[in-house]
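Asks: what follows is a protein structure lacking sequence information:
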């Protein structure tokens with residue numbers, strides 16, 4: 001038989017003792033208040049010591065505790081405002097990022113921060129001086145390219161201009 005160590009033997013003994021205690025059912029009344037009032041088995045048969053037993057007449061003469069009076073009160077109804085006042089900054093739920101199709105300097109800005117804007121409202125106006133000069137430059141460049149193309153075609157007809165330079169003049173126009 002293999003050698004059993006002491007701690008294993010002690011654990012087996014505790015397990016057997018616990019199983020026996022569970023089997024008796026005595027664990028169910030441990031700590032319960034109901035067992036304090038009931039006489040235990042064997043005590044009912046034994047007579048009480050002299051002077052400890054009280055006659056039933058003496059027990060009846062002792063006054064019982066007066067019942068406590070309890071009052072029921074209905075709380076008054078009050079209406080409270082359903083508003084919470086908090087100080088701080090708020091932000092809009094919806095934001096829009098505005099961008100222009102062309103770069104420029106803002107000339108007019110009729111809308112202030114926090115104003116309501118509808119479709120079609122003027123939000124900002126760009127300065128027109130730069131745009132007018134850009135249009136004038138574009139027209140002058142177009143006229144110059146058209147003149148270069150006309151000159152290149154005249155030279156190409158006489159054979160004094162290679163075809164590649166004529167193609168470059170045509171592509172620079174478009």
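Replies: Sure, I can see it. Nothing here was measured: the structure is a model prediction, and the numbers come from that model.

Asks: what packs against the lengthiest helix in the chain?
Replies: If you go by DSSP state H, the chain has its longest helix at helix 129-158. When contacts are defined as 3 or more CB pairs under 8 Å, 6 or more residues apart in numbering; DSSP states H and E, helix 129-158 packs onto helix 163-173. Placement of C-beta: from N, CA and C, glycine included.

Asks: just the buried positions in the helix it packs on, please.
Replies: 166, 169 (16 or more other CB atoms under 10 Å).

Asks: mind giving me the packing neighbours of that helix?
Replies: Counting contacts by 3+ CB pairs under 8 Å, 6+ apart, helix 163-173 packs against helix 129-158.

Asks: circling back to that earlier point, how much does the longest helix of the chain deviate in direction from helix 163-173?
Replies: Put simply, helix 129-158 runs at 160 degrees to helix 163-173, going by axes from the mean of the first three to the mean of the last three CA atoms, to 10 degrees.

Asks: can you show me the strands along the protein?
Replies: 106-108, 125-126 (DSSP state E).

Asks: most tightly packed of those strands?
Replies: Greatest average neighbour count among the strands of the chain goes to strand 125-126 (a mean of 14), per mean count of other CB atoms under 10 Å.

Asks: partners of that strand in the sheet?
Replies: strand 106-108 (antiparallel) (DSSP bridges).

Asks: now the longest helix of the chain: how far from the chain's centre is it?
Replies: Relative to its parent chain, helix 129-158 has a centroid offset of 63 Å by CA atoms, centre = their mean, to the nearest Å.

Asks: buried residues in that helix?
Replies: 145, 149, 152, 156.

Asks: point out where the protein drops to low pLDDT.
Replies: Counting by pLDDT under 70, the chain contains low-confidence residues at 1-2, 26-61.

Asks: I'm done for today, thanks for sticking with me.
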